[in-house]
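In: okay, here's the prediction I keep looking at, along with the sequence it came from:
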Amino acid sequence: MKHRIHALHGLLLTGAALACALPCVAAPSPYAARVSIVRDEVGIAHVHGRSDADAVFGMIYAQAEDDFPRIERNYLTALGRLAEVEGESALWLDLRQRLFVDPTRLPAEYRRSPAWLRRLMDAWAAGLNQYLADHPAVRPARITRFEPWMALAFSEGSIGGDIERGVDPTALAAFYGTPDALRSSPAMLADAGRLVEPKGSNGIAIGPSRSASGHALLWINPHTSFFFRSEQQVSSDEGLSVYGAATWGQFFVYQGFNRRLGWMHTSSGVDNIDEFSVEVRGRGDAARWRDGTVWRPFARNTVRLLVRAADGGLRERVFTTLATRHGPIIRSEGGRWVAVAMLNAPRPALEQSWLRTKATTLADYLRVADRKANSSNNTILAADDGTIAYLHPQFVPIRDDRFDYTRPVDGSDPATAWRGLHRLADLPQVVRPHSGWVMNVNDAPWTASGADSPRAADYPRYMDQFGENPRGVHATALLSGDRRFTPAMLRDAAFDPFLPLFDQQIPLLARGFAALPPGDPRREELRQAMALLTAWDRRWGLESVATTVAVYWGEALWRREGPKAQAAGRRLFAWLADTTSDADRIAALADGWQRLNADFGGPIAWGRVNRFQRLDGAIASRFDDRAPSVPVPFTSGNFGSLASFGVERQAGQRCFYGTSGNSFVAMVEFTPQGPRAWSVSAGGQSGDPASAHFDDQAVRYAAGALRPIPLGPVAGRAYHPGEPRPAAPARAPAPPGAPCG
């Protein structure tokens, strides 16, 4: 179905453009005098306020000091206003967002919020506006004034939210656009044939029975896009005292710890997004959809978007979007229209995200979680009373398990509809296990704690769609047994270099190579590659040539086998284990070996190929083989490396440059005297290339060398927002390292 798109010349400040169009001037904020900020030796902001609201003001002000462009970008995306800056290429991303987030309705949601939450949102907006008033040289791309209700548009801090995962903008353009719409639609990446780093995480908790000190340990290891979060400590006289990573622009720590409890979120395989295919009759305003025996009208909503034109002006686009009781219509398929259902509860999500930072026991945490506004994240939890736990996402709709919700179900059949939400007690969980450990690495909960794990047979099949992965195999092997972990041992386990996928696949490859006919030219062509792989200990390392050969082969396996597994509806890791043929493995090795020789002229040490580089503060990183970079030993998590390094190969550059994977990494030990903690972040805290803290953690990051976190008094001069920030040392020369290649 096509809907008309109207163009309006000039600027219309309606709906999407509620922020002021001219530079806004704010009076000095009363919050500032009640907030102090101290920067530690790597530029991390330690913020203290008299009240929680004061602390929020200082927290977001400090974030803006470090990287305002990333804050603004996140809110342009969340509010469906990215096309105001990026033009037609972002139009369908904005429409996708507006199917769920309506800026014309959020102010009313703000007014309905409890007073304590309104105070935090007020302080959040005041902090950003004060920053802009104090820094007139900063030129926002579009948002020149932040309103308190805007915080509700971005209330869940995970990487790639449900909306991004659940709606393909290309299909949206085909349904709601004109014939030329597809040309400007950014299609979802076809990941099946491309080695894409999982946007997930590792979380591990060690209980007192497996801890050398008898104190609980927590490993916090999100795998996100680099520079996605800000590391901060935030405290107040009202009892707030939290350290961790906050997604740029949000006023809560998303992954971290307070004095008594810590939490790590990992992307879950739970089914939290479903598609409902409905039967339709009629056209235009007369269109109806069948709901059992009743033909119902579609719910209609007018969406107005502003799009930057080539001349710099803004043009309005007006859409009429449709919805059933399941959710908005996102595409047509087989003569039917498809609606999508997912969590859309901004206020409970924001409440839950904030309140869990103040939880001090598992019971506190679960009381907060009962808002059921976390749809996509498992939680690994540890507390100072020795409690460790694996918790499933709390937003899990009840469904009829007869239907396969991994594909669109018949939304015209009332039996497929969601039937409320599961109780927390009915979800998979592990609490204080006899094994002494819990973990999740984006695998199924059925392996969360060895023999103490939940059993898949006890739950509906929609509780997990991920199954096992090589990181899960690796983590289980490291945690099983009776070793008693020190913090150093836990850190070493999290950076263990073993690669289980290759350990599984190389014997099968060798079998296929041995079976090649005597006259097959590949015997000679691949002889050196096979010798390197079969003699290899399956462990990554900077000097390992075999690691390079294996990664090139692994990439080729993904290109060849990924589409086959997807077409068969199979998980790729299981497909590689039991369906990929020896001939396919040999063919993939030939592909990878040929590409390696074309890139570097022959096998080469992994550290000369795999690099960390940060050249500027742009959202989309660019790379240059001629510029300094840091060698990184770990690999993609797809191969089973717990320390994950997802790379991007840019045209014209030979080396692999990291863009995602290990980002903020932290370890916590909960002692009677308070937590001891260590961390490292990819690159540095600041997005300003002139700052000493732009890339001052790069070498430490590549080595997995976590630094102690100062949780007591922090050395350095305190300042109030609006005062001159203490001068940081000049940026050091480019970090050392062998040249790329």
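Out: Thanks, I have it.
In: tell me where the stretch 1-150 of the chain has strands.
Out: Listed in chain order, the strands of the stretch 1-150 of the chain (DSSP state E, counting those that start in this stretch) span residues 35-39, 45-49.
In: tell me which residues of the first one are tucked away?
Out: Looking back up the chat, that one is strand 35-39. Of the residues in strand 35-39, those buried under the neighbour-count criterion (16 or more other Cβ atoms under 10 Å) are 35-39. The C-beta positions use only the backbone N, C-alpha and C, and glycine is treated the same way.
In: do stretch 320-334 as well
Out: So stretch 320-334, judged by 16+ other Cβ under 10 Å, has buried residues 321-331.
In: farthest pair in those residues?
Out: With distance counted by Cβ to Cβ, no two of the buried residues of stretch 320-334 lie farther apart than 325 and 331, which are 17.9 Å apart.
In: show me how far the longest helix along the chain is from its chain's centre.
Out: Scanning the chain for the helix with the most residues, using DSSP state H, yields helix 52-78. On the basis of Cα atoms, centre = their mean, to the nearest Å, the separation between the geometric centre of helix 52-78 and that of its chain is 18 Å.
In: which stretches of this protein aren't confidently modelled?
Out: Along the chain, segments meeting pLDDT under 70 span 1-27, 157-160, 179-194, 198-199, 732-739.
In: can you rerun that using 80?
Out: Along the chain, segments meeting pLDDT under 80 span 1-28, 157-161, 178-200, 728-739, 741.
In: what helices or strands is the longest helix of the chain leaning on?
Out: Secondary-structure packing of helix 52-78 (3 or more Cβ pairs under 8 Å, 6 or more residues apart in numbering; DSSP states H and E): strand 35-39, strand 45-49, helix 91-98, helix 115-134, strand 229-236, strand 241-247.
In: residue 646 and residue 660 touch, don't they?
Out: Yes: under the criterion of Cβ atoms under 8 Å, residue 646 is in contact with residue 660, at a separation of 4.0 Å.
In: so what sits against both of those two?
Out: When contacts are counted by Cβ atoms under 8 Å, 6 or more residues apart in numbering, residue 646 and residue 660 have 197, 223 as shared neighbours.
In: is the nearest residue to residue 443 once chain neighbours are set aside in a helix, a strand, or coil?
Out: By the measure of Cβ to Cβ, 6 or more residues apart in numbering, the closest residue to residue 443 outside its immediate chain neighbours is residue 472, 3.4 Å from it. Look at residue 472: counting by DSSP: H, G, I helix; E, B strand; the rest coil, its state is helix.
In: what does residue 316 give?
Out: strand.
In: before we move on, what about residue 679?
Out: At residue 679, secondary structure determined by three-state DSSP is strand.
In: what about it, how many neighbours?
Out: Counted with other Cβ atoms under 10 Å, the burial measure for residue 679 works out to 22 neighbours.
In: before we move on, what about the one 4 residues further on?
Out: Residue 683 has 22 neighbouring residues, counting by other Cβ under 10 Å.
In: that one: which element?
Out: Mapping residue 683 onto the secondary structure by DSSP states H and E places it in no helix or strand at all.
In: ok, it - contacts?
Out: Contacts here follow Cβ under 8 Å, 6+ apart; on that basis residue 683 touches 226-227, 612, 614, 694-695, 697-698, 701.
In: before we move on, back to that, can I get the helices and strands packed on helix 52-78 in TSV including distance to residue 404?
Out: Formatted as TSV, the entries for these read as follows, by distance: least, Cβ to Cβ, whole Å:
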stretch	distance to residue 404
strand 35-39	52
strand 45-49	48
helix 91-98	25
helix 115-134	39
strand 229-236	36
strand 241-247	33
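In: which of these sits closest to residue 594?
Out: Nearest to residue 594, of all the helices and strands packed on helix 52-78, is helix 91-98, at 37.1 Å by Cβ to Cβ.
In: show residues contacting the closest one.
Out: Counting by Cβ under 8 Å, 6+ apart, helix 91-98 makes contact with 16, 77-83, 163-164, 167, 169-170, 172-173, 176-177, 181, 184-186, 303, 305, 307, 317, 319, 321, all of which sit outside it.
In: tell me how far it lies from the chain's centre.
Out: Remark: helix 91-98 is offset 19 Å from the chain centroid, using Cα atoms, centre = their mean.
In: and for stretch 445-457?
Out: 25 Å.
In: can you show me the CA trace of it as PDB?
Out: Taking Å, rounded to 0.1, in the frame of the first residue of the first chain, the C-alpha atoms of stretch 445-457 are listed here in PDB:
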ATOM      1  CA  PRO A 445      20.100 -19.800  30.000                       C
ATOM      2  CA  TRP A 446      20.300 -23.600  30.000                       C
ATOM      3  CA  THR A 447      24.000 -23.400  30.500                       C
ATOM      4  CA  ALA A 448      24.100 -20.400  32.900                       C
ATOM      5  CA  SER A 449      25.500 -22.400  35.800                       C
ATOM      6  CA  GLY A 450      26.600 -25.900  34.800                       C
ATOM      7  CA  ALA A 451      24.400 -28.600  36.500                       C
ATOM      8  CA  ASP A 452      22.500 -25.800  38.400                       C
ATOM      9  CA  SER A 453      21.200 -24.300  35.100                       C
ATOM     10  CA  PRO A 454      17.500 -24.200  34.300                       C
ATOM     11  CA  ARG A 455      16.200 -27.000  32.100                       C
ATOM     12  CA  ALA A 456      14.900 -26.000  28.700                       C
ATOM     13  CA  ALA A 457      12.200 -28.700  28.900                       C
END
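In: and that stretch, what's buried?
Out: For stretch 445-457, the neighbour count (16+ other Cβ under 10 Å) marks 445-450, 452-454, 456 as buried.
In: let me have those in a markdown table, extended by secondary structure and distance to residue 673.
Out: A markdown table is the format used below for the buried residues of stretch 445-457 (DSSP: H, G, I helix; E, B strand; the rest coil; distance: Cβ to Cβ, whole Å):
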| residue | secondary structure | distance to residue 673 |
| --- | --- | --- |
| 445 | helix | 33 |
| 446 | helix | 37 |
| 447 | helix | 34 |
| 448 | coil | 30 |
| 449 | coil | 28 |
| 450 | helix | 31 |
| 452 | helix | 30 |
| 453 | coil | 33 |
| 454 | coil | 35 |
| 456 | helix | 41 |
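In: which of the residues you listed sits closest to residue 635?
Out: Using Cβ to Cβ, the shortest approach to residue 635 within the buried residues of stretch 445-457 belongs to residue 447, at 21.7 Å.
In: follow-up on the earlier one: among the contacts of residue 683, which lie within helices?
Out: Those of these lying in helices (DSSP H): 698, 701.
In: any of the contacts of residue 683 buried? List them.
Out: A residue is treated as buried here by neighbour count (16+ other Cβ under 10 Å); on that basis the buried members of these are 226-227, 612, 614, 694-695, 697-698, 701.
In: distance to residue 716 for those residues - can I get that in CSV?
Out: Compiled in CSV, these are given as follows (distance: Cβ to Cβ, whole Å):
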residue, distance to residue 716
226, 26
227, 23
612, 27
614, 24
694, 18
695, 20
697, 17
698, 22
701, 22
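In: looking at those, spot the one nearest residue 677.
Out: The shortest approach to residue 677 among these belongs to residue 697, at 15.6 Å (Cβ to Cβ).
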